[in-house]
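>>> model this:
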Amino acid sequence: MAQESKPEAAPGAAPAAAVTPAATPVVLKKKIKRVVPEGRAYVSAGYNNTIVTMTDANGGVLAWGSSGAAGFKGARKSTPYAAQMASQKAADAAKLYGLEKIHVTVNGIGPGREQAIRGLHLSGLEILSIVNRTPIPHNGCRRKKPRKV
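Predicted structure coming up:
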């Protein structure tokens, strides 16, 4: 049983590629960016963070931004300035889709509510409407029954 040795390629030479007879070139499709002139912006303003989501008219997300993603950590995430930076980053990313006009929906009672809307306006978007969808308790939970002593 003699071992057969394969001839080695010269040092520095490229390895020989296998040639297939039916090698067809791979055609890559160019991704088409859709143009969305009018969309919606959802601002979720919590006590610890502010999240801004930009969508098209059907609700498909185009871009988003948050105070944490804008580089703020800890207690600085809940500041109005961080909310403004988050909304401006989301708006700049959504402008790549041709977004010009938005309807704003605000949810939550955090400190960055109004400043996030100002950030959207400062980034050059035309605000068509502002809707507040913050949940409000009408009567709260049921009270505890009185203790029997």
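>>> Can you check the pLDDT for the residue positioned nearest the centre of the chain?
Centre of the chain computed as the mean C-alpha position; nearest residue by C-alpha atoms, centre = their mean is Trp64, 2.5 Å away. Listed pLDDT for Trp64 reads 96.
>>> That one should be in a helix, yeah?
No: using DSSP: H, G, I helix; E, B strand; the rest coil, the assignment for Trp64 is strand, not a helix.
>>> distance of the closest residue in space to it that isn't next to it in sequence from Glu38?
Leaving aside its sequence neighbours, Trp64 sits nearest to Thr53 (C-beta to C-beta, 6 or more residues apart in numbering; 4.5 Å). C-betas here are computed from N, CA, C, even on glycine. Distance of Thr53 to Glu38, computed by C-beta to C-beta, to the nearest Å: 16 Å.
>>> higher neighbour count, the two?
Ranked by neighbour count (other C-beta atoms under 10 Å), Thr53 and Glu38 place Thr53 first, with 19 against 14.
>>> and the more buried one, what does it touch?
Thr53 is in contact with 41-42, 44, 61, 63-64, 90, counting by C-beta atoms under 8 Å, 6 or more residues apart in numbering.
>>> Can you tell me which of those are classed as buried?
Applying 16 or more other C-beta atoms under 10 Å to those, the neighbour count classes 41-42, 44, 63-64, 90 as buried.
>>> rewinding a little: the residue nearest to the centre of the chain reaches Lys89, doesn't it?
No: judged on C-beta atoms under 8 Å, Trp64 makes no contact with Lys89 at a distance of 9.0 Å.
>>> Now do the SS call for Ala91.
The three-state assignment at Ala91 reads helix, by three-state DSSP.
>>> hang on, Ser129 is in a strand, isn't it?
Yes: according to three-state DSSP, Ser129 belongs to a strand.
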